[in-house]
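# Got a predicted model here, sequence first, then my questions.
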Amino acid sequence: MRSILMLMLSITHTQSLSSCPASCVVCSDEAVICHKLSNIIAAPVTTKALMLTDGTIVSIDHHFLSIMSNITVLSFSHNTIATITYDAFWNLTVLHTLLLDHNLLSSQALGGSTFSWLQRLVILHLGNNALGEINGSWFQATGALRTLQLEGNRLTGLDAGTFASADLQGLETLDLSDNLIAYLGKDSFRGLPQLRSLDLSRNQLQSAPPEAFVYLSFLSNLNLELNKWSCTCELRDLASFLNKYTEAPQKVLFNGRKIVCVSADNPAVTTLLELTEANCVSPNHNITVMIKANASISTQRYTRDLALAAVFCFAGKYHNVCLLMPL
């Protein structure tokens, strides 16, 4: 029985090598690298790296993948993949790296079981797809994951529930750049205690609570540039945190001086790091003028003071002049 099985594997191996498409640049016992394919091809059982990129593959199922239990690197980058069956990766128990970037994957295309088979997965690339939200259930059995790339999607916000049900206790690198993120909750990264690198650049953030970062004790690389920062007093605490962050040893804030304010109350404040308690209010701040009349002030003097106040009010030199005239 064993000899028959070995013979079948040998035949499968020979067939897969002999039928290797012309667009494949590598077809060996351990690696298959092909471009511009429309379907997943059969590869030798001994394959450790399968890379089918720059093609028109539209879906992934377990038909060919299930027999390749030795694969450690699997790439389907730059295809048109829109669907992944729930059992597509079920027998890939030693997979280390999975690259699914530059496809057409929506949030609905992923489920709780999609990556649950990949308990040794360390690197997962889902960048440049059509993900509109992150569901923590996708990562319930991915405790070994260290790098998660989600850049270039359609994410609009992060809150306490984003990674709440995820098993990402060991995640070290998270890339969320080039999305549409306009909201960041203070507990957005609460489930990522080992996070060391966080990229939120090129999003739509106008503000962010410093609490979102302060409990990330291992965070050493942070990128917040090219957002829509509104440098009002509400961002004073964030600016204070970032200034202290840059002063700490082995802490990097990418292009800190380029975290530009799209708007600010004080025109002298052009970058977020320049915002302080002293300059967060516009120099032309509101002035309140109070004119108080009592019985000891003559009618003539009262009328004069009222006239002077009216001059200041309508001259436009001060804002919101308030006249308080108790009888």
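Structure received.
# what about the strands in the stretch 51-200 of the chain?
Secondary structure of the stretch 51-200 of the chain (DSSP state E, counting those that start in this stretch): strands at 59-60, 73-75, 83-84, 97-99, 123-125, 147-149, 157-158, 173-175, 183-184, 197-199.
# Pipe those into a markdown table and attach distance to residue 140, mean neighbour count and mean pLDDT per row.
(Each C-beta comes from the backbone N, C-alpha and C, glycine too.) Output for those, formatted as a markdown table (distance: least, C-beta to C-beta, whole Å; neighbours: other C-beta atoms under 10 Å; pLDDT from 0 to 100):
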| stretch | distance to residue 140 | mean neighbour count | mean pLDDT |
| --- | --- | --- | --- |
| strand 59-60 | 20 | 20 | 98 |
| strand 73-75 | 20 | 19 | 98 |
| strand 83-84 | 16 | 18 | 98 |
| strand 97-99 | 16 | 19 | 98 |
| strand 123-125 | 14 | 21 | 98 |
| strand 147-149 | 14 | 20 | 98 |
| strand 157-158 | 18 | 20 | 97 |
| strand 173-175 | 17 | 19 | 98 |
| strand 183-184 | 24 | 18 | 97 |
| strand 197-199 | 22 | 21 | 98 |
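# so which of those gets nearest residue 233?
Among these, the nearest to residue 233 by C-beta to C-beta is strand 183-184 (18.3 Å).
# pLDDT weak spots in this protein?
Residues of the chain meeting the criterion pLDDT under 70: 1-18, 282-327.
# How is it divided into domains?
Domain ranges of the chain: 15-274, 286-327, per automatic domain parsing.
# most packed of those domains?
Among the domains of the chain, domain 15-274 has the highest mean neighbour count (mean count of other C-beta atoms under 10 Å), at a mean of 18.
# For the stretch 101-250 of the chain, which segments count as helices?
211-214, 236-247 (DSSP state H, counting those that start in this stretch).
# From the contact counts, what lies against the first one?
Of the remaining helices and strands, those touching helix 211-214 by 3 or more C-beta pairs under 8 Å, 6 or more residues apart in numbering; DSSP states H and E are helix 236-247.
# Give me the packing partners of the helix it packs on, helices and strands only.
helix 211-214, strand 252-253.
# Need the contact partners of it.
207-210, 213-214, 222, 224, 231, 251, 253, 256, 259, 272-277, 280 (C-beta atoms under 8 Å, 6 or more residues apart in numbering).
# Give me the nearest residue to residue 105, chain neighbours excluded.
Spatial nearest neighbour of residue 105, chain neighbours left out: residue 129 (4.1 Å); criterion: C-beta to C-beta, 6 or more residues apart in numbering.
# Who are the contact partners of that neighbour?
So residue 129 contacts 100-106, 152-153 (C-beta under 8 Å, 6+ apart).
# Out of those residues, which comes closest to residue 144?
Taking C-beta to C-beta as the measure, residue 144 lies nearest residue 100 of these, at 17.3 Å.
# And the closest one, how far from residue 174?
As judged by C-beta to C-beta, to the nearest Å, residue 100 and residue 174 stand 16 Å apart.
# and if you look at residue 145?
10 Å.
# Tell me which residue lies nearest the centroid of this protein.
residue 176 (1.9 Å; C-alpha atoms, centre = their mean).
# just checking, that one touches residue 155?
Yes. Between residue 176 and residue 155 there is a contact at 6.7 Å, judged by C-beta atoms under 8 Å.
# ok so, going back, including distance to residue 70, could the contacts of residue 129 go into a markdown table?
Converted to a markdown table, these look like this (distance: C-beta to C-beta, whole Å):
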| residue | distance to residue 70 |
| --- | --- |
| 100 | 20 |
| 101 | 23 |
| 102 | 26 |
| 103 | 24 |
| 104 | 29 |
| 105 | 25 |
| 106 | 31 |
| 152 | 31 |
| 153 | 31 |
